[in-house]
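Undergrad: next input, structure requested:
(one chain, ligands or ions: 2)
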Amino acid sequence: MEPVLEAEGLVKRFGDREALRGVSLSVAPGELVGVIGPNGAGKTTLLSILAGSQRPDEGEVSRSPGEVGWVPQQAALYGKLTVEENLRLFARLEKCPDVGAAVDGMLEQTQLGDRRHSPVAELSGGNRQRVNIAIGLLPDPPVLLLDEPSTALDPRQRERLWEFILALSKGGTAVIYSTHNVAEAERYASQLAVLADGERLFSGSPAELEQTVGTSDLDFEEAFVRFLHDQGH
Ligand SMILES: Nc1ncnc2c1ncn2[C@@H]1O[C@H](COP(=O)(O)OP(=O)(O)O)[C@@H](O)[C@H]1O
Ligand SMILES: [Mg+2]
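TA: Ligands and ions are numbered 1, 2, ... in the order given. Next comes the predicted model:
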């Protein structure tokens, strides 16, 4: 299958600090890619470059920004505006050809119809995250990027988020997400991108990462920590 998104040799420098040192990635339609690694590894930098919201110093991304949905960790929602008003605003900014239809479609897809007239500031964390995702999906992108989507959610909200993401993936949308929750990446990634210190240390499935570590008596999180340690991190 043709990849839906490819990145080759991405390098990003902030002063003399290298946040990414030659990271490559290839993503198939409908694939779920988990980006994991310690704080400061370069996860957010990678996602924002794939989204086109930052430029790499070196390397290339195969898609133009308009073709990639982007859900940053801190979304710029307007708390005093309702769910529907926020979606309308972003649909206009996205230059959706039919703003009303795009908004109705998103309200239905994210099951936010009954909250459409609620100010965003009054929503639960889970519902606010849905609005963020709805905005990322407005351009109807073949690939959606989510930066730590589950971090602020309780377990029930988290489960609903994953149901939603799995449905997107079944429908053919590729989803690339970062997470601190290694167990989540084990469950919901067909491909892992393990980053540490700006380098991609591993590509493959969670099962392949465990095989690389080579001991069967570790759970996935322990195997992951062992892997980083073996790689000098
Ligand atoms: N705008 C910026 N200016 C300077 N340094 C930055 C900036 N954004 C990220 N960095 C640095 O780049 C590295 C990677 O950051 P980030 O991509 O946010 O990591 P992660 O999301 O994995 O925690 C860190 O050392 C961070 O301090
Ligand atoms: Mg980050």
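Undergrad: and the one helix or strand I133 maps to, what's buried?
TA: I133 belongs to helix 125-137 when assigned by DSSP states H and E. Residues 126-137 are the ones in helix 125-137 that count as buried (16 or more other C-beta atoms under 10 Å). Quick note: C-beta positions are derived from backbone N, CA and C, even for glycine.
Undergrad: what about stretch 223-233 and ligand 1, touching?
TA: No. Using C-beta under 6 Å from any ligand atom, stretch 223-233 stays clear of ligand 1, coming no nearer than 12.3 Å.
Undergrad: give me the mean pLDDT for that stretch.
TA: Across stretch 223-233, the average pLDDT comes to 94.
Undergrad: repeat for stretch 140-159
TA: 92.
Undergrad: compute the first-to-last residue distance for that stretch.
TA: 23 Å (C-alpha to C-alpha, to the nearest Å).
Undergrad: do it and ligand 2 come into contact?
TA: No. Using C-beta under 5 Å from the ion, stretch 140-159 stays clear of ligand 2, coming no nearer than 6.1 Å.
Undergrad: can you give me the helices in the protein?
TA: For the chain, applying DSSP state H gives helices covering 43-50, 83-93, 99-109, 125-137, 155-170, 182-188, 206-213, 220-230.
Undergrad: redo the ones you listed as TSV? Include distance to E18.
TA: Converted to TSV, the helices of the chain look like this (distance: least, C-beta to C-beta, whole Å):
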stretch	distance to E18
helix 43-50	10
helix 83-93	33
helix 99-109	38
helix 125-137	28
helix 155-170	31
helix 182-188	24
helix 206-213	24
helix 220-230	18
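Undergrad: residue of the protein closest to ligand 2, please.
TA: T44 (3.2 Å; C-beta to the ion).
Undergrad: excluding chain neighbours, what is closest to that residue?
TA: D147 (5.5 Å; C-beta to C-beta, 6 or more residues apart in numbering).
Undergrad: how close does that neighbour sit to ligand 1?
TA: For D147, the distance to ligand 1 (C-beta to the nearest ligand atom, to the nearest Å) stands at 7 Å.
Undergrad: so that residue sits against Q73, correct?
TA: Yes. Using C-beta atoms under 8 Å, D147 makes contact with Q73 at a distance of 4.4 Å.
Undergrad: more crowded one of those two?
TA: With neighbours defined as other C-beta atoms under 10 Å, D147 and Q73 compare such that D147 has more, 23 against 15.
Undergrad: which ones are touching S24?
TA: When contacts are counted by C-beta atoms under 8 Å, 6 or more residues apart in numbering, S24 touches 6-10, 59, 200.
Undergrad: can you give me the pLDDT of it?
TA: pLDDT, read off for S24, is 98.
Undergrad: how near is it to E67?
TA: Separation of S24 from E67 (C-beta to C-beta, to the nearest Å): 19 Å.
Undergrad: show me the beta-bridge partners of the residue positioned nearest the centre of the chain.
TA: By C-alpha atoms, centre = their mean, the chain has its centre lying nearest to L146, at 2.2 Å. Beta-bridge pairing of L146 under DSSP bridges involves V71, Y177.
Undergrad: tell me the contacts of it?
TA: Contacts for L146 (C-beta under 8 Å, 6+ apart) come out as 47, 71, 133, 136, 165, 175-178.
Undergrad: turn the contacts of S24 into a markdown table, including neighbour count and pLDDT.
TA: Putting those into a markdown table (neighbours: other C-beta atoms under 10 Å; pLDDT from 0 to 100) gives the following:
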| residue | neighbour count | pLDDT |
| --- | --- | --- |
| E6 | 15 | 97 |
| A7 | 22 | 98 |
| E8 | 15 | 98 |
| G9 | 13 | 98 |
| L10 | 25 | 98 |
| G59 | 16 | 98 |
| R200 | 22 | 97 |
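Undergrad: thank you, goodbye.
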